[in-house]
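Q: show me how the following folds:
(one chain, ligands or ions: 2)
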Amino acid sequence: MPTMLAAFYSLQATAQTPIRGVRPSQWPAHAGVDGSFQCRDGSAKVPIAALNDDYCDCADGSDEPGTSACPNSLFYCANKGYKSSEVFSSMVNDGVCDCCDGSDEWQTGVCENDCIALGAANRAKAEERARLVTKGYEIATQWAARGEASRASTQAELGALSQELESKRTELAAIDVLKKASEEVEEKCAARHCPPLATAPLAPLGCLSR
Ligand SMILES: [Ca+2]
Ligand SMILES: [Ca+2]
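A: Ligands and ions are numbered 1, 2, ... in the order given. As a prediction, this is how the structure comes out:
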């Protein structure tokens, strides 16, 4: 049992061992089993010592994530403080800084770590964008409130005008009634040839019989 426990903890320790050019979540897959590494495409099993030994053993290049030995491999840049990324393995140790943390130039050592500065600039931009979004939302809210106030004012004005219109219509109807009554009186007054009995009812309206 102690031997099995030792083997278990040994495997765990191996699975957590950082592997150059590999993202941490994939370290266990590159840790190997029984001293061997299984190529990611399953094409071959190579000694664990062949991992990152600057010689391309796997057809898919998965045994050389941290060197430029395999042209079809990818190198993982941790870029702590900024955004992690992957670059082609042909960019590893080519003298050009491709990762902001400079990890792709681990052998040439020509790069400084710019990730902290880039991360700070990125956060400043994000904060400025957030500030602008908040400001834009405030302005939109203010305009919406103004629009609502204007709508309410217009609605009230429209209501008052509707009432006034109804009042004018009522007034006009009353005038129309008076006009018709006046016209009837005029017609009856003009018809003075009518019999006296027929004109008697018109006296209250100002029509004098003959
Ligand atoms: Ca190799
Ligand atoms: Ca490079």
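Q: which stretches of this structure form helices?
A: Under the criterion DSSP state H, the chain carries helices at the ranges 2-15, 27-31, 115-190, 196-199.
Q: distance of the residue most central in space within the chain from E166?
A: Using CA atoms, centre = their mean, the residue of the chain that lies closest to the mean C-alpha position is V133, 10.5 Å off. For V133, the distance to E166 (CB to CB, to the nearest Å) stands at 49 Å. Every residue, glycine included, has its C-beta placed from N, CA and C.
Q: likewise for E64?
A: Counting by CB to CB - E64 and E166 are separated by 90 Å.
Q: those two: which is more packed in?
A: More neighbours surround E64 than the other of E64 and E166, with 27 against 10 (other CB atoms under 10 Å).
Q: what does the more buried one show for phi and psi?
A: The phi/psi pair for E64 (degrees, to the nearest 10) reads phi -130, psi 60.
Q: and for C70, the neighbour number?
A: By other CB under 10 Å, the residues close to C70 number 21.
Q: one more: G109?
A: Neighbour tally, G109, other CB under 10 Å: 9.
Q: residues contacting the residue nearest to it when sequence neighbours are not counted?
A: Spatial nearest neighbour of G109, chain neighbours left out: G102 (7.9 Å); criterion: CB to CB, 6 or more residues apart in numbering. Counting by CB atoms under 8 Å, 6 or more residues apart in numbering, G102 touches 109-114.
Q: what subset of those residues is buried?
A: Buried positions within the contacts of G102, assessed by neighbour count (16 or more other CB atoms under 10 Å), are 111, 113-114.
Q: gap between the residue nearest to the centre of the chain and R123?
A: Taking CB to CB as the measure, V133 falls 15 Å from R123.
Q: what's the answer for A145, then?
A: 33 Å.
Q: residues from the chain in reach of ligand 1?
A: 50, 53, 55, 57, 63 (CB under 5 Å from the ion).
Q: pick the one among the contacts of G102 closest to ligand 2.
A: Nearest to ligand 2 out of the contacts of G102 is C111 (CB to the ion; 7.6 Å).
Q: verify the stated contact: that closest one with C97.
A: Yes - using CB atoms under 8 Å, C111 makes contact with C97 at a distance of 3.8 Å.
Q: between the two, which contacts overlap?
A: With contacts taken as CB under 8 Å, 6+ apart, C111 and C97 have 104-105 as neighbours in common.
Q: got any ranges where this protein has weak pLDDT?
A: Along the chain, the model assigns pLDDT under 70 to residues 1-15, 193-210.
Q: tell me the domain ranges of it?
A: The chain breaks down into these domains under automatic domain parsing: 2-113, 118-209.
Q: tell me which of those domains lies nearest to ligand 2.
A: Closest approach to ligand 2 among those is made by domain 2-113 (4.1 Å; CB to the ion).
Q: how far does that closest one sit from the chain's center?
A: Distance of domain 2-113 from the chain centroid (CA atoms, centre = their mean, to the nearest Å) equals 36 Å.
Q: do it and ligand 2 meet?
A: Yes - legend: contact between domain 2-113 and ligand 2 by CB under 5 Å from the ion is shown at 91, 94, 96, 98, 104.
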